[in-house]
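[1] curious how this folds, go ahead:
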Amino acid sequence: MSWVLLFLLTVQQDPVTGSPMSMKVGQLVKGGMYAEALDVSRGDQGADGLALEVWVRHHAGDLTGALELAERTLAEDPNHAGMLEQASYLSASLFRGADALRYADRLSAQGHPRAPELKADAQGLLVREAEVRGGRQLALFIVAGFALLSAGLLRWAVGQARD
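    Residues are numbered from 1 along each chain as shown. Reported below is the predicted structural model:
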């Protein structure tokens with residue numbers, strides 16, 4: 001069972017019955033019944049219910065949809081720690097290092113215990129993004145050099161063929 005599910009199990013306590021609402025959602029997700037899990041997660045109102053829906057969408061493979069929902073929720077409740085945590089993780093999963101770091105920084109300002117780990121992941125992603133940009137620039141330089149060399153050789157060959 002993932003730490004996110006354990007977190008959500010703790011947060012999603014039904015105050016009337018004392019039973020964890022997310023237990024049913026977790027079992028539905030485990031069984032691969034994502035549509036049903038979404039329906040159940042939507043039964044809880046507020047940011048905590050939306051956090052559960054984001055978690056379900058994430059595990060169903062809808063990372064973009066989960067991140068969009070997290071961002072809409074954060075627009076209304078910008079300090080929701082669980083949503084910031086999920087938004088940082090989802091952003092990193094979608095290779096959006098700057099966004100992941102921004103969410104992790106906001107989480108760090110709240111003193112969240114996972115913030116250092118999320119920040120390190122985001123910073124590592126930013127380093128990899130910079131390496132990829134550098135690799136692309138090098139590849140472009142090599143291709144441009146090869147193209148110039150090829151054009152020069154072609155010009156030389158055409159000149160030799162005329163003689």
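[2] tell me where the protein is predicted with low confidence.
    The model of the chain has pLDDT under 70 over residues 1-22, 44-48.
[3] what do you get if the cut-off is 50, keeping everything else the same?
    Residue ranges of the chain with pLDDT under 50: 1-3, 5-19.
[4] so which residues of it form helices?
    Secondary structure of the chain, counting by DSSP state H: helices at 3-11, 21-30, 34-41, 46-60, 63-76, 81-93, 97-109, 115-162.
[5] would you list these in JSON lines and tack on mean neighbour count?
    (C-beta placed from N, C-alpha, C; glycine too.) Formatted as JSON lines, the entries for the helices of the chain read as follows, by neighbours: other Cβ atoms under 10 Å:
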{"stretch": "helix 3-11", "mean neighbour count": "16"}
{"stretch": "helix 21-30", "mean neighbour count": "20"}
{"stretch": "helix 34-41", "mean neighbour count": "18"}
{"stretch": "helix 46-60", "mean neighbour count": "22"}
{"stretch": "helix 63-76", "mean neighbour count": "17"}
{"stretch": "helix 81-93", "mean neighbour count": "24"}
{"stretch": "helix 97-109", "mean neighbour count": "20"}
{"stretch": "helix 115-162", "mean neighbour count": "12"}
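[6] wait, Leu101 touches Leu126, no?
    Yes: in this structure Leu101 lies within contact range of Leu126 using Cβ atoms under 8 Å: 6.5 Å.
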